[in-house]
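J.: please find the sequence and the predicted model below.
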Amino acid sequence: MAIQTINPATNKVVKSFEAMSPKEVDAAVEQAARAYTDWRKTSYQDRSNLLKEVAGLMRMRKTYLAQLITLEMGKLIAQAEGEIDLSADIFDYYATHGAKFLADKPLFPQFGQAFIRYSPIGVLFGVEPWNFPFYQVARFAAPNLMVGNTILLKHASMVPQCALAIQDLFVDAGAPKGVYTNLLISGSHASELVSNALIKGVSLTGSEAAGASLATEAGKHLKKSVLELGGSDAFIILEDADIDKTVEWAVVGRINNNGECCVAAKRFIAVEAIADEFLKKFKDKLSKLIIGDPMDPKTELGPMSSEAAAVQIADQVKRSVDAGATVLLGGKRVDRPGAFMEPTILTDLKPEMAAYYEELFGPVASFYRVKDEQAAIDLANDSPYGLGGSVFTKDIERGKRVADQIDTGMVFINHPTWTAADLPFGGTKQSGYGRELSELGVEEFVNKKLIRTNGLSDPF
Ligand code: NAP
């Protein structure tokens, strides 16, 4: 894929970048390994200071950074500013709590003394997607820098200016050279890098195909990997839900980030008793969204991130309709330049249709009407994905019982799946493995080293 900024609101090329040569990439890996030998010896206080500095700079540059996000991938400007705030919060969170999470953990063996020491493992290679260009990097880089690892980051080819702006934040915050390095390379070359002996762990957020490619190389070379992949979150509405509030969250859950969230609500599952009321109100709200320029604060639905993304979702709708699905709302590209797709609702979906099992990465909701709570749970679990999900009910204990039966990494009650620095994030099944954020976020690329003290006794 060419490394380019293409404004999806116009589909015009704004700026192109040269990929790094293999020699430059090798030099960057070597620099990251050299930096590691010193970085691993720094104190938690030093690492925390760097993370705080990055967070501060991010907030100072918020307007500029948010505009870059909107320019490169079409996020509404207010949401882009929110992403910068969230990313800065993640850096602050690990700066504040990282040392506590990584403190020696005492063990209580039968004899003598023992404890776990958390040690870094070396250079990590992260591959990140375009849909949250700052947040995705923050949740990988912040905890791992606190651990004492160094980072090589290959960002999505369509957000090169965001990628370079993140590197600038580190440089300006005073990070030693090699502690955080952006690699301008294309996805097709990313997996090759895993075999480099200086790289000790890999993490990818993105599609299943890219994840499988990177993890296959990691497996071949016996390196730890973490994968955060796609999702098809169920949004369950039970008969005792507050329908008006639930509808508002349903709209946010589906169209936040123009529908391009791994944890967007994608499958709306309503029990019979309230299905008609929910669907009518949901359709009404989606049909009134203001579609337009994502830089305009009045816009409620912007373009998809790229022309290819818009073509793909329109094709998923077409294939579903050709197989017998009903379009209740939308279903077409918006008649204007740019990568726009209408807000869409599909009903009468069956397992053989594209929209049933495939991830719908855009403003297209699939709607299902089911008999009761058990049928809702069964349908929610009938997915190759296991990322998030939500259940709407006034009875919180009932919500927890339903959550317990949903086979995903995260379930929210009375809220679409969401994220925060202090909540773990990750999935099961085809959605990947491992966790980011919260205290779990420091545990993936760390050597949990046993240190054992025995009294000096005679050998056996
Ligand atoms: P993608 O094509 O997989 O791209 C993601 C990253 O992987 C990009 O940096 C891409 O580089 C790189 N890549 C592509 N092919 C690769 C390969 N063979 N080996 C190594 N790296 C490779 O993903 P996308 O379709 O643009 O992003 C959307 C997907 O990400 C959705 O499925 C979404 O659900 C998922 N996602 C998951 C989470 C989560 O936390 N679970 C969060 C956000 C998004 P290039 O850009 O250069 O191709």
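T.: Right, received. Where do you want to start?
J.: how close does S366 sit to F170?
T.: 41 Å (Cβ to Cβ, to the nearest Å). In this view, the C-beta of every residue, glycine as well, is placed from N, C-alpha and C.
J.: below-threshold pLDDT in this structure: ranges please.
T.: Counting by pLDDT under 70, the chain has no low-confidence residues at all.
J.: for the ligand, what are the nearby residues on it?
T.: Within the chain, the positions adjacent to the ligand are 1, 127-131, 154-157, 186-187, 190-191, 204-207, 210, 213-214, 228-231, 262, 359, 361, 387, 427, 431-432 by Cβ under 6 Å from any ligand atom.
J.: how about the helices in the stretch 51-200 of the chain?
T.: Listed from the start of the chain, the stretch 51-200 of the chain has helices (DSSP state H, counting those that start in this stretch) covering 62-73, 77-101, 135-147, 160-173, 187-190.
J.: mind listing what the one residue sitting closest to the centre of the chain touches?
T.: Of all residues in the chain, the one closest to the mean position by Cα atoms, centre = their mean is Q136, 5.6 Å from it. For Q136, the contact set (Cβ atoms under 8 Å, 6 or more residues apart in numbering) comprises E128, P129, T205.
J.: neighbouring strands for the host helix or strand of A365, and are they parallel or not?
T.: Element membership for A365 (DSSP states H and E) is strand 364-370. Strand 364-370 sits in its sheet next to strand 265-271 (parallel), strand 344-347 (parallel), going by DSSP bridges.
J.: just say which of the ones you listed is most tucked in.
T.: strand 265-271 (a mean of 26; mean count of other Cβ atoms under 10 Å).
J.: quick one: contacts of it?
T.: 231-239, 250, 253-254, 278-279, 282, 359-360, 365-373, 375-376, 379-380, 383, 390, 416-417.
J.: narrow those residues to just the buried residues.
T.: 231-238, 250, 253-254, 278-279, 282, 359-360, 365-370, 373, 376, 379-380, 383, 390, 416-417 (16 or more other Cβ atoms under 10 Å).
J.: which residue is the nearest non-sequential neighbour of D395?
T.: The shortest distance from D395 to any residue other than its chain neighbours is 6.0 Å, reached at D240 (Cβ to Cβ, 6 or more residues apart in numbering).
J.: verify the contact between N454 and F111 for me.
T.: Yes - taking contact to mean Cβ atoms under 8 Å, the distance of 7.4 Å between N454 and F111 places them in contact.
J.: quick one: the residue nearest to D395 from the ligand, how far?
T.: Summarising the geometry, the distance separating D240 from the ligand, computed by Cβ to the nearest ligand atom, to the nearest Å, is 31 Å.
J.: now P416
T.: With Cβ to the nearest ligand atom as the criterion, P416 and the ligand are 14 Å apart.
J.: so which residue of the stretch 251-400 of the chain comes closest to the ligand?
T.: Proximity to the ligand, evaluated over the stretch 251-400 of the chain using Cβ to the nearest ligand atom, is greatest for C262 at 3.2 Å.
J.: if we can go back for a sec, closest to T37 out of the helices of the stretch 51-200 of the chain?
T.: T37 sits nearest to helix 135-147 of all those, at 15.1 Å, using Cβ to Cβ.
J.: what angle sits between that closest one and helix 77-101?
T.: Inter-element angle recorded for helix 135-147 and helix 77-101: 20 degrees (by axes from the mean of the first three to the mean of the last three Cα atoms, to 10 degrees).
J.: alpha carbons only: can I get helix 135-147 in PDB?
T.: Coordinates of the C-alpha atoms in helix 135-147 are reproduced here as PDB (Å, rounded to 0.1, in the frame of the first residue of the first chain):
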ATOM      1  CA  TYR A 135      -5.100   5.900  20.900                       C
ATOM      2  CA  GLN A 136      -3.900   2.700  19.400                       C
ATOM      3  CA  VAL A 137      -0.300   3.700  19.700                       C
ATOM      4  CA  ALA A 138      -0.700   5.000  23.200                       C
ATOM      5  CA  ARG A 139      -2.200   1.800  24.600                       C
ATOM      6  CA  PHE A 140       0.800  -0.200  23.200                       C
ATOM      7  CA  ALA A 141       3.600   2.200  23.700                       C
ATOM      8  CA  ALA A 142       2.900   3.800  27.100                       C
ATOM      9  CA  PRO A 143       2.800   0.600  29.300                       C
ATOM     10  CA  ASN A 144       5.700  -1.000  27.400                       C
ATOM     11  CA  LEU A 145       7.900   2.000  27.700                       C
ATOM     12  CA  MET A 146       7.100   2.000  31.500                       C
ATOM     13  CA  VAL A 147       8.200  -1.700  31.600                       C
END
